[in-house]
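1. can you look at this prediction? I've put the sequence above it.
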Amino acid sequence: MSNIWSRQGAEYINQMNRGLGALLGIATGILADKQLTDLEVSFLHDWLDNNSAIATAWPGDVVHAHIKAVLADGIVTEEERTHLVSTLQKLIGGTIEELAETNHVTQLLPYETPAIPFPGSNFCLTGDFVFAPRSVCEKTIVRHGGTVKSAVSKKVQFLLVGGLGSDEWKHGSFGTKIERAMELKRDGSLIAIVHEDHWASCLPRDG
């Protein structure tokens, strides 16, 4: 029975990743000519309506909510168009030109900037880091009294996201850690999603 559930879980994750990859591809294609037409807005709205699993999970739910708000009165104003373009750019990690130059982490995450008391706190890490390789970041946390967990759970206070993101994110695999953290937050958990820049700024002066 456990093998069946494992296979079903793996299939679901693969389907979600393919769907998110398709959403990224659509967003990239829409932004390729640096214009966003009413027809493209309607197409993206219809696509998300027809792919409810993507439209109700991060980051598709963020995009879907923005598009619904834009289309609520049946008129796409230039201000709304500009805002939606910005949202799509955040989804794919920047402008087409920026993506050609570097691997930007998506900016749609609800990053927080809480005080970070290292002693007694549980951390989980995801993505690639500018500060240092992930293993070094983990050792830094432990050195200052924190504990590193391999998976996100209710016992984790901080999900630390590397500033370089991950190559997998470009292809729609935003990672189970981020998805799990978002689920926990929706359920009322106090887990904080923290960008590595803020984490680094909270390190004690002795490094």
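-> It's in. Numbering: from 1, shown residues only.

2. got a list of what A72 touches?
-> Shown in contact with A72 (CB atoms under 8 Å, 6 or more residues apart in numbering): no residues. Yep, even glycine has a C-beta here, placed from its N, CA and C like the rest.

3. average pLDDT for the helix or strand harbouring F43?
-> Take DSSP states H and E as the rule and F43 turns out to sit in helix 38-50. For helix 38-50, mean pLDDT is 93.

4. give me the residues contacting it.
-> 23, 26-27, 30, 54-55, 60, 63-64, 67-68, 70-71, 76, 81, 84.

5. how does it look with 7 Å?
-> Outside helix 38-50, the residues within contact range by CB atoms under 7 Å, 6 or more residues apart in numbering are I26, I30, I54, A55, G60, V63, H64, I67, V70, L71, V76, L84.

6. switch those over to JSON lines; also include secondary structure and pLDDT.
-> Listed next are these as JSON lines, based on DSSP: H, G, I helix; E, B strand; the rest coil; pLDDT from 0 to 100:
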{"residue": "I26", "secondary structure": "helix", "pLDDT": "86"}
{"residue": "I30", "secondary structure": "helix", "pLDDT": "86"}
{"residue": "I54", "secondary structure": "helix", "pLDDT": "84"}
{"residue": "A55", "secondary structure": "helix", "pLDDT": "86"}
{"residue": "G60", "secondary structure": "helix", "pLDDT": "82"}
{"residue": "V63", "secondary structure": "helix", "pLDDT": "86"}
{"residue": "H64", "secondary structure": "helix", "pLDDT": "87"}
{"residue": "I67", "secondary structure": "helix", "pLDDT": "90"}
{"residue": "V70", "secondary structure": "helix", "pLDDT": "87"}
{"residue": "L71", "secondary structure": "helix", "pLDDT": "90"}
{"residue": "V76", "secondary structure": "coil", "pLDDT": "90"}
{"residue": "L84", "secondary structure": "helix", "pLDDT": "88"}
